[in-house]
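Asks: could you look at this predicted model? Sequence included:
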Amino acid sequence: MRIGYARVSTVDQDPDLQIRALKQARCERIYTEHASGVSRSRPELVRLFDSLRTGDTLVVWRFDRLGRSVSHLVEVVEQLRTRNVGLESLTEGIDTSSAAGEAVFTIIAAFAQMERRLISERTRAGIDAARRNNRPWGKASKFHDSEIVKLVQSLLREGSLSKADIARRVGIHPCTLYRWFPGGEADNFQPTPTYHRRQKQRAQR
């Protein structure tokens with residue numbers, strides 16, 4: 001299925017231009033958002049992600065309609081890749097179903113990996129500095145708590161709540177849920193080394 005996403009910054013702006021373009025691009029369903037580019041609240045984007053299935057294509061009028069920043073756009077693209085969902089930008093003329101579009105996707109993924117490595121290096125440096133000064137480091141993820149993990153797994157298996165509702169109930173962003181549970185599947189939990197370390201520390205207390 002081809003699913004469109006249109007966004008305008010304020011309620012006074014008209015999304016008709018984007019919607020017409022998305023309809024001409026054969027989108028069967030269109031989600032329209034009224035939110036500024038820097039806003040973290042994107043309920044329609046969350047609903048859209050909940051509706052995506054393997055093989056779908058997400059269509060946007062322009063890439064800047066999708067991501068609130070370059071880093072956020074990279075995160076969204078990575079989420080689409082892991083779920084085998086295509087991405088098409090009408091203005092930039094990029095379609096991941098084509099060879100050229102797939103190449104762009106690969107480049108974006110490479111930048112995402114580079115960004116993760118840089119963040120990891122900065123994180124390690126921060127941890128080392130904190131240890132040298134006997135200071136605690138960082139904020140523990142919700143998913144470092146095994147009870148939270150079990151709760152989310154139970155809710156995912158039950159299927160009565162959307163992924164967005166589950167994320168709100170736990171107090172996290174839906175992208176975080178998909179990062180720890182690829183595809184939003186209860187059995188796909190992917191713990192980090194920090195998770196294992198914290199569980200080992202709790203067991204030793």
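Replies: Nice, thanks for sending it over.

Asks: return the residues in contact with the residue most central in space within the chain.
Replies: Closest residue to the average C-alpha location of the chain: C175 at 3.4 Å, with CA atoms, centre = their mean. Taking CB atoms under 8 Å, 6 or more residues apart in numbering, we find C175 in contact with E75, V76, Q79. For glycine as for every other residue, the C-beta is placed from the backbone atoms N, C-alpha and C.

Asks: how about it, phi and psi?
Replies: phi -60, psi -30 (degrees, to the nearest 10).

Asks: from T82, how far off is it?
Replies: Separation of C175 from T82 (CB to CB, to the nearest Å) stands at 11 Å.

Asks: thinking again about what came up before, quick check: of the contacts of C175, which lies closest to S36?
Replies: V76 (16.7 Å; CB to CB).

Asks: alpha carbons of the strand or helix carrying that closest one, as PDB, please.
Replies: Under the criterion of DSSP states H and E, V76 resides in helix 70-82. In PDB, the C-alpha atoms belonging to helix 70-82 read as follows (Å, rounded to 0.1, in the frame of the first residue of the first chain):
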ATOM      1  CA  VAL A  70      18.400  15.700   9.800                       C
ATOM      2  CA  SER A  71      19.100  13.400  12.700                       C
ATOM      3  CA  HIS A  72      15.400  12.700  13.200                       C
ATOM      4  CA  LEU A  73      15.000  12.100   9.400                       C
ATOM      5  CA  VAL A  74      17.900   9.600   9.600                       C
ATOM      6  CA  GLU A  75      16.100   7.900  12.500                       C
ATOM      7  CA  VAL A  76      12.900   7.600  10.700                       C
ATOM      8  CA  VAL A  77      14.600   6.300   7.600                       C
ATOM      9  CA  GLU A  78      16.300   3.600   9.700                       C
ATOM     10  CA  GLN A  79      13.000   2.600  11.200                       C
ATOM     11  CA  LEU A  80      11.500   2.200   7.700                       C
ATOM     12  CA  ARG A  81      14.500   0.100   6.600                       C
ATOM     13  CA  THR A  82      14.200  -2.300   9.500                       C
END
